[in-house]
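[1] Have a look at this prediction, sequence included:
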Amino acid sequence: MAEIAPVRKVAVVEEEIKLKAEEVDLQRAAKLGGVAGLVAVFVSANGMVQAFAERAIISPILSMGYALLFLVPLVIGYLAAKEPPVREGFEAPKKGPRNVVAGLLVGVGTAVGLALFVLVASVVNLRPVFLNVSPELLELLTFGQGVGPGLALLVVACVVLGTVGGLMRLVPDRLRNALWGGLAWTLLIGLLEVVVAQLFRGLGLGFLEDIFYAPLGGLTLTGALVVFVLAFLYYYTVVPRVDAWRANYAQLPAERQRSFRLGALVAVVVIVGLLPQVLGPFVSEVLDLVGIFLLMGLGLNIVVGFAGLLDLGYVAFFAVGAYTTAVLTSPASPRWSPELSFWLALPFVILAAALAGIVVGTPVLRMRGDYLAIVTLGFGEIARLLLLSDWLRPYFGGAQGILKIPNLSIGPIVFRTPVDMFYPILGFCLVAAYISWKLKDSRIGRAWMAMREDEQVAEAMGVNIVELKLKAFIVGAIIASFGGALFAVKIGSVFPHSFSLLVSITVLVLIIVGGMGSIPGVVVGALALVGLPELLREFQEYRLLAYGVLLILMMLYRPEGIVPSKQWMRELHEEELMQDAWLKMEEERRRQAEAQAAEGKPAGQPGEA
Amino acid sequence: MALLEVRNVSKDFGGLRAIDHLDFHVEEGEIVSVIGPNGAGKTTLFNLITGLFQPDDGEIIFDGHNLVGLRPDQITKLGIARTFQTVRLFFNMSVLENAMVGQHCRTRSGVIDTILSLPRQRQEEERIRQKAIEALSFFGTRLVGFRLHQPAFVLSYANRRRLEIARAMATEAKLLLLDEPTAGMNPRETLELTELIGRLRDEKGFTIVVIEHDMRVVKGVSDRVVVLDYGRKIAEGTYDEVAHNERVLEAYLGRKAVRSA
Ligand SMILES: Nc1ncnc2c1ncn2[C@@H]1O[C@H](COP(=O)(O)OP(=O)(O)OP(=O)(O)O)[C@@H](O)[C@H]1O
Ligand SMILES: [Mg+2]
């Protein structure tokens, strides 16, 4: 027997012949090509390409419209060329011509879709049905070269871009990330022209604006190149080292880590605090709005992200905060105007919000999921309709709302302009973030998460569901009411129509996209979903479409959000191996200790070994 | 007086009588096994004791309190904790957090204490952590160390069952109700757990009721065995007494014979 054992072992090793890897699925790629064609036609026919063409990203050569159109074959081609995931017992998939072919197929799909669209539209007048299919659009799609040569050009462009998408799979990881990073930043810096140009001016670097941006808008070629190269270098040289830094950081003693974190936080707050000074009133206005939505996002994140209570009527708490502030501070409050200062009114705002939290929370205590969502949706609408109603008009002014809400002030300092208002908003955001952060890893936070995971089990483990649900609603309501109060003093008036369902939806979408339950996620979500659209106001009509598409894509490809609340979505068996290693180490240590004890030596002299 | 007394309890699901005038008691410090064919009403008994269902009739007395009408969290606070037949962990929480939730009913910090980070709250948080680690350490090195901060969903099946027991232990209950704790474990793991159930009583002082299908486990751990069939108690006694009871054999074999036919 003893002789057989080693032989067997060898046999086992030899048996580990891996199965052939699955290949890139070309049929799927062809299907995705069809999808790409449809998407390209859709964005053309709904007027996006043409509307976006008004704005240049890179001055003479690339408008936002073309960027949108050509990202379709590039990105979908890249997605289609992805190898199937590595499976246990299979070889790692090889990269090769199949990746490129998959990209090519997508390119062809896009080209066919667009070509058919252009041909049909140039023969038949589609305008009675598709308003946006104008001659200008066709001209745009054919690069102003007429249907013949223009179409050829379009087809070539799509095919090439699809293929390039596929080729990107063959590029080594590091280079590929750097290329994508460069592209993304170039597009972003082009889009954010208003902000970046203002930043240059604010920093007294006005000459940079002339170098980077063209007089008619958009990056100059030089500007684009510089941005691309900088971003490329950043992703190529800096980002790969982040892991090592993080490991180093994890090695630091807890105290050092803490002071490091504190330092980083202070630095961020200082920089953010200086932003409005540098960026001027227009961008500050946008930042204020982002801040108010961020505040609400942080509040809703507690209700939905932590406690798992899907509240679609969150705007009701926002309205409670705004109207309570308006009634208590405005001299124009219709029935009763105590004309308190903002700070004196604040405790009453908190009280009103807590009451509203209880009012909404109590009837839904025994409801879950969909039912909860629908009932809270109803509450949100009820709040708005009540404010509009004739019944409450004597108190809240009906559709006329309440005007003349005085500015916020602390002693002699009055916060008048958007630049001023940024600071109280930032202050409240920091408070809300601190509250979220404190609660997250606490007895209450854990009970919320347990409830979110499995309500019945949480209850069986001793969590009082009723109490915790109410607490979640109350804390969430209070944070939202801060947002409402700031909104009221910032605008100086409140109207029922400011508190529509759209606000609830925006807040919900921003936490879903940012990362449910994650505090940095809410910040990213608010910047991307409130800040960016404000800067692209001229395309307002496509905002909801963009939200919808973004939500679908997030659910499909990254359901945990851009910044997940916990970074533990790693490979499973990798962790198992680490646990084994750890166990072995422990075992070893125990054996050594035992051996030493047996020899009667004092334990713990590593130098001898 | 017995620690737990179930008196004349019945429970109907529509027309089906899942528990039928059941009397059942557990003395302090005992390990009682509840066995019976599938659908006999064993899990339903646990659900009634822990307040997940309310009995239609009868009363359940634990440590001098009548449990009928109480919510599950109140019952847990009185000192009963359980595991589930289909493992029900908080899968997206870490191993440590799962066990820490068990301490919820023994602690008090609220929202305001937490936001103000009062010293009392911080001490309590530290105590919760220690109690949780203590419960997890009962399973040797399996759930501690590197594992503490892993999400529950990466655990192997056996470890999931262990974590469920640890979470129940962390509630500092007097009585543990374990619903098929060895289901899905391999023979070695089953053996190990059998031994652990004994140690749970001897070292940690829990009184234990365990639902088990594996007769080796039942034999290994039980002071007393209760056999259910169609919601009624058909036999009770030591393992050997029950194993040779005619009605028990009939309940098991009779059904098997019917099934194989
Ligand atoms: N929530 C419920 N609703 C309706 N019927 C139920 C419910 N729970 C249990 N039952 C029924 O009650 C009877 C007893 O079920 P129970 O789960 O208690 O059996 P068990 O002894 O635990 O069986 P097993 O060994 O399969 O776990 C079964 O017939 C079951 O179908
Ligand atoms: Mg059962």
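    Here it is on my side, so go on. Ligands and ions are numbered 1, 2, ... in the order given.
[2] worst-scoring helix or strand of the chain, pLDDT-wise?
    All of this is about chain A. Comparing every helix and strand of chain A by mean pLDDT, DSSP states H and E singles out helix A:4-15 as the least confident one, with a mean of 44.
[3] next SSE after that one?
    Next in sequence after helix A:4-15, counting helices and strands by DSSP states H and E, comes helix A:26-45.
[4] Give the other helices and strands that that following helix contacts.
    The criterion is 3 or more Cβ pairs under 8 Å, 6 or more residues apart in numbering or on different chains; DSSP states H and E, and the helices and strands that helix A:26-45 contacts are helix A:64-80, helix A:97-123, helix A:147-167. Quick note: C-beta positions are derived from backbone N, CA and C, even for glycine.
[5] The helix or strand immediately after that helix in the chain - contacts with which helices or strands?
    Sequence-wise, the next helix or strand downstream of helix A:26-45 (DSSP H and E) is helix A:48-52. Here helix A:48-52 is seen to pack against helix A:64-80, helix A:135-141 when contacts are counted using 3+ Cβ pairs under 8 Å, 6+ apart.
[6] switch the cut-off to 10 Å
    Contact analysis of helix A:48-52 by 3 or more Cβ pairs under 10 Å, 6 or more residues apart in numbering or on different chains; DSSP states H and E lists helix A:26-45, strand A:62-63, helix A:64-80, helix A:135-141 as its packing neighbours.
[7] Could you single out the most deeply buried of those?
    Compared across the helices and strands packed on helix A:48-52, helix A:64-80 shows the largest average neighbour count, a mean of 24 (mean count of other Cβ atoms under 10 Å in any protein chain shown).
[8] Can you check what angle separates that one from helix A:97-123?
    In this structure, helix A:64-80 runs at an angle of 140 degrees to helix A:97-123, with axes from the mean of the first three to the mean of the last three Cα atoms, to 10 degrees as the basis.
[9] which strands and helices sit next to helix A:64-80?
    Contact partners of helix A:64-80 among helices and strands, from 3+ Cβ pairs under 10 Å, 6+ apart: helix A:26-45, helix A:48-52, strand A:56-58, helix A:97-123, helix A:135-141, helix A:147-167, helix A:173-191.
[10] Of all the residues in the longest one, which ones are buried?
    Judged by neighbour count using 16 or more other Cβ atoms under 10 Å in any protein chain shown, the buried positions of helix A:97-123 are A:98-115, A:117-118, A:121-122.
[11] In contact with residue 157, which residues?
    I went with chain A, as the question did not name one. Under the criterion of Cβ atoms under 10 Å, 6 or more residues apart in numbering or on different chains, the contact partners of A:A157 comprise A:Y66, A:L69, A:F70, A:P73, A:G107, A:T110, A:A111, A:L114, A:F143.
[12] actually it's chain B I care about, not the one you picked
    Counted by Cβ under 10 Å, 6+ apart, B:Y157 has contacts B:V87, B:A183, B:G184, B:M185, B:N186, B:E189.
[13] redo that, cut-off 6 Å
    By Cβ atoms under 6 Å, 6 or more residues apart in numbering or on different chains, the contact set of B:Y157 is B:G184.
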